[in-house]
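[1] Please find the sequence and the predicted model below.
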Amino acid sequence: MFAVTWGLSGGREARGWLLGAVYAVVFLVNACDQFFRPAMFTLIGDVVDEPHQARAIGLGELSVGLGTIVGPPLAAPVLLTFGVRWALLANALSFVISCATVLAIRSPARVSRPASARRTMRDEFLAGLRLVRRTPLLVTLVVASVVAMLGAGALNALAVFFVTRNLHAPAALYGILGAAQGVGAVVGAILAGVYAERLGLARVFATALALLGSLILVYARMTAVVPAAIVLFTMGAPLAALSVASGPLILRVTPREFVGRVTSLLTPLMVLASLLSAAVAGYLDGVVLRGVPYHDRRRGHRPRRHYFHGRRPPRRCCRSLLLD
């Protein structure tokens with residue numbers, strides 16, 4: 001991050017160097033994030049008593065939701081007022097504050113593993129895979145998360161097209177819809193943090209999955225921005241409840257030394273499922289379903305004469321087309 005800001009402040013560096021620095025920073029940030037999440041889960045298990053783990057994870061989801069709501073509206077004024085250099089420096093400073101906060105946590109002392117007992121990264125990963133395979137609850141969580149991400153990837157890939165063609169709204173309103181979902185996630189994180197333990201974590205997880213799937217079907221039928229924003233607001237609650245319920249479930253059935261291995265298996269699978277579904281959704285909409293009649297509520301069924309590469313795009317994208 002500092003390398004990018006230094007390059008921008010110089011003003012004479014080649015564009016290729018700056019672009020490479022940006023890609024390197026993004027790569028490193030996302031790579032480090034893969035270490036942060038397993039460590040955060042393990043730390044919550046160390047410092048938070050089991051009955052309060054759902055509430056602790058709910059507070060984490062609450063902070064993420066608030067960041068989703070507050071961050072984008074603040075980004076544009078900061079960027080326009082102070083410039084790219086200071087905006088990036090402020091972003092870097094937020095990481096420094098986060099690091100200082102984590103270092104201030106005093107976790108219980110743990111006995112380290114003897115050097116002779118340590119294994120290779122491959123052995124560690126296979127050990128985590130065997131644990132998941134032997135634990136029915138972990139298998140259920142992995143399968144449910146991967147299947148859910150198969151739909152989420154397609155949803156994210158076609159989201160902008162859905163706003164412009166199905167909701168008949170400008171793409172600029174896409175951010176407002178995201179903020180509506182963020183507000184719903186804040187409400188859901190608060191409610192799930194308070195009531196998840198009382199209702200049962202497994203029951204909350206299953207109910208949230210069912211509600212989320214049903215609301216996605218409802219969202220696919222929307223044709224106006226305001227009803228779509230209301231549905232997305234409602235979707236935010238079960239989305240946050242999934243994270244609040246799944247975290248304590250993983251901690252309770254996974255030995256401490258395997259928490260990182262289980263999450264390192266779950267996260268890549270979810271990312272791969274999202275990428276695969278996004279690619280399949282684009283292929284279906286752009287190649288397989290070309291020319292298939294679509295349904296326009298204003299004009300009824302119409303032949304799909306115009307495609308993404310033509311002069312006029314179709315009014316409906318494939319997510320709604322599959323439901324018609």
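    Cool, got the structure. Residues are numbered from 1 along each chain as shown.
[2] Quick one: residues in contact with stretch 239-246.
    Contact partners of stretch 239-246, identified using Cβ atoms under 8 Å, 6 or more residues apart in numbering, comprise 54, 57-58, 61, 65, 141, 145, 148, 181, 184-189, 191-193, 196, 201-202, 204-205, 207-209, 212. For glycine as for every other residue, the C-beta is placed from the backbone atoms N, C-alpha and C.
[3] repeat that for 7 Å
    Stretch 239-246 is contacted by residues 54, 57-58, 61, 65, 141, 185, 188-189, 192-193, 196, 201, 204-205, 208-209, 212 when judged by Cβ atoms under 7 Å, 6 or more residues apart in numbering.
[4] any idea where the strands of the stretch 151-300 of the chain begin and end?
    294-296, 300-302 (DSSP state E, counting those that start in this stretch).
[5] can you count the residues close to Val48?
    Close neighbours of Val48, defined as other Cβ atoms under 10 Å, add up to 16.
[6] I figured it hits Arg55, correct?
    No: Val48 is beyond contact range of Arg55, at 8.3 Å (criterion: Cβ atoms under 7 Å).
[7] tell me which residues in the host helix or strand of Leu43 are buried?
    Using DSSP states H and E, the element containing Leu43 is helix 15-47. Going by neighbour count (16 or more other Cβ atoms under 10 Å), the buried part of helix 15-47 is 21-22, 25, 38, 41-42, 44-45.
[8] What of stretch 126-135?
    Residues 128, 131-132, 135 are the ones in stretch 126-135 that count as buried (16+ other Cβ under 10 Å).
[9] what do you get for stretch 154-163?
    Residues 154-155, 157-158, 161-163 are the ones in stretch 154-163 that count as buried (16+ other Cβ under 10 Å).
[10] Let me have those in TSV, extended by pLDDT and distance to Leu269.
    What follows is the buried residues of stretch 154-163, written out as TSV (pLDDT from 0 to 100; distance: Cβ to Cβ, whole Å):
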residue	pLDDT	distance to Leu269
Ala154	82	17
Leu155	83	18
Ala157	80	18
Leu158	81	22
Phe161	83	27
Phe162	87	26
Val163	88	29
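[11] Could you single out the nearest of the residues you listed to Phe82?
    Using Cβ to Cβ, the shortest approach to Phe82 within these belongs to Val163, at 30.1 Å.
[12] next helix or strand past the host helix or strand of Ala92?
    Ala92 is located in helix 84-103, with elements delineated by DSSP H and E. Toward the C-terminal end, the helix or strand that comes next after helix 84-103 (DSSP H and E) is helix 121-134.
[13] So what touches that following helix?
    Contact with helix 121-134 is made by 138-139, 142, 258, 261-262, 264-265, as judged by Cβ under 7 Å, 6+ apart.
[14] Low-confidence regions, the stretch 201-324 of the chain specifically.
    By pLDDT under 70, the low-scoring segments of the stretch 201-324 of the chain are 288-324.
[15] Low-confidence bits of the stretch 1-150 of the chain, can you list those?
    Low-confidence segments of the stretch 1-150 of the chain, defined by pLDDT under 70: 1-15, 109-119.
[16] For Asn135, give me phi and psi.
    Rather than Asn, residue 135 is Thr. phi -110, psi 110 (degrees, to the nearest 10).
[17] That one against Pro255, yeah?
    No: between Thr135 and Pro255 there is no contact under Cβ under 7 Å: 10.3 Å.
[18] Report the buried residues of stretch 45-65.
    For stretch 45-65, by 16+ other Cβ under 10 Å, it's 45, 48, 53-58, 60-62, 64-65.
[19] Can you name the residues in contact with it?
    Stretch 45-65 is contacted by residues 44, 105, 107-108, 182, 185-186, 189-190, 192-194, 196-197, 201, 240, 243-245, 247-248, 251-252, 256, 259 when judged by Cβ under 7 Å, 6+ apart.
[20] Which ones among those map onto helices?
    Counting by DSSP state H, those place 44, 182, 185-186, 189-190, 192-194, 196-197, 201, 240, 243-245, 247-248, 251-252, 259 in helices.
[21] Buried ones among those?
    Neighbour counting with 16+ other Cβ under 10 Å marks 44, 182, 185-186, 189-190, 192-193, 196-197, 201, 240, 243-245, 247-248, 251, 259 as buried within the ones in helices among the contacts of stretch 45-65.
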